[in-house]
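need coordinates for the below:
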Amino acid sequence: MEQSLKLKALIFDIDGTFALTEEAHRAAFNETFQDWGLDWHWDGKLYKELLLVGGSRERIRHYAAVYRPEGAEIVTDDENVMKMYRQKTEIYTGKVSSGQVGLRPGVGRLVQEAMSAGLALGIATTTNMEPLKALFRGTLGLDALKDFGAVAAGDMAAHKKPAPDLYLLALEQLALGAGSCLALEDSRNGLLSADAAGIATVITLNDYSAGQDFTEAVAVISDLGEPGADFRSLRGDRVHQGYVTAGLLAQWHRKSCEGQAINIGD
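Residues are numbered from 1 along each chain as shown. I've put the predicted structure just below:
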């Protein structure tokens, strides 16, 4: 990892980090399968396993090959997969653009604090650009996307997470070195992607990523917290009293660059 003691940018993952979108994605998949006359149904337990496969089209193909080989011929045709993906995306974007999915605790606050502190903002997400725009319409507003100096979406890179492509693209757009940035992620694939790009990472856990290996992360926490609603440290048994600020992230970033242990209880 490139060494830099000064934090200059925060790069956000979207699904599961910026907002808990996975249930909306899962519902959109199931509605699509039903419309296609398929008896496929992804429950929460199965979807947690399928999330280890990056990308909606890749996930459909993987499920058919591994779980339903007797009906896999429907997705051997790339045109069918694309049609299913487009239908699923249309259903999903309708859900999130109407405000059915809110931001995770502390995200909106931290975005404003980071800008006030002079930090650049970036996005590195496996989701494609149209679903990303839909989420912003239903949360911060589409104009807020302009505050992000880097937007690296899934349809902009050859390889999705855990490959580093999306983070490398975000770094290029920000014109910053990896050591000047901090990634906010929620999954093992996201952590591996950021780490491969040389970027230190803070994990905000959720139900779908619980139990994954986050050894390389700077910190693993429940969420970013809000005034009156403290975040919980999920690495070690000490609880930080408060919420994550831009200043606290800059402190964690500096300690990470120096190779110091992060004691969240301090």
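
buried residues of stretch 158-165, list them for me.
Buried residues in stretch 158-165, counted by 16 or more other Cβ atoms under 10 Å: 160-165. Heads up, the C-betas are built off the backbone N, CA and C, glycines and all.

any idea of the mean pLDDT for that stretch?
The average pLDDT within stretch 158-165 is 95.

how long is it end to end?
7 Å (Cα to Cα, to the nearest Å).

and T21, how many residues sit next to it?
Residues lying near T21 (other Cβ atoms under 10 Å) number 23.

also Q112?
Residues lying near Q112 (other Cβ under 10 Å) number 13.

rewinding a little: include distance to R59 when you put the buried residues of stretch 158-165 into CSV, please.
Formatted as CSV, the buried residues of stretch 158-165 follow (distance: Cβ to Cβ, whole Å):
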residue, distance to R59
K160, 11
K161, 13
P162, 14
A163, 16
P164, 20
D165, 18
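
among those, which lie within strands?
Nothing among those maps onto strands, per DSSP state E.

just these now: which is nearest K133?
K160 (18.4 Å; Cβ to Cβ).

the nearest residue to that closest one once chain neighbours are set aside: how many residues sit nearby?
Leaving out its chain neighbours, the residue that sits closest to K160 by Cβ to Cβ, 6 or more residues apart in numbering is G54, at 4.0 Å. The number of residues packed near G54 is 19, by other Cβ under 10 Å.

next one: G108
G108: 17 neighbours (other Cβ under 10 Å).

equivalent analysis for M82, please.
M82 has 11 nearby residues by other Cβ under 10 Å.

ok, it - contacts?
R57 (Cβ atoms under 8 Å, 6 or more residues apart in numbering).

mind redoing it with 7 Å?
If you count contacts by Cβ atoms under 7 Å, 6 or more residues apart in numbering, M82 has none.

mind telling me what element it is part of?
Remark: M82 resides in helix 78-97, with elements defined by DSSP states H and E.

helices of the stretch 1-150 of the chain, start to end?
Using DSSP state H, counting those that start in this stretch, the helices found in the stretch 1-150 of the chain span residues 22-35, 44-50, 56-66, 78-97, 107-116, 129-138.

what's the first one in contact with?
The one in question is helix 22-35. Contacts for helix 22-35 (Cβ under 7 Å, 6+ apart): 15-16, 40-42, 47, 51, 84, 87-88, 91-92, 95-96, 100-101, 208.
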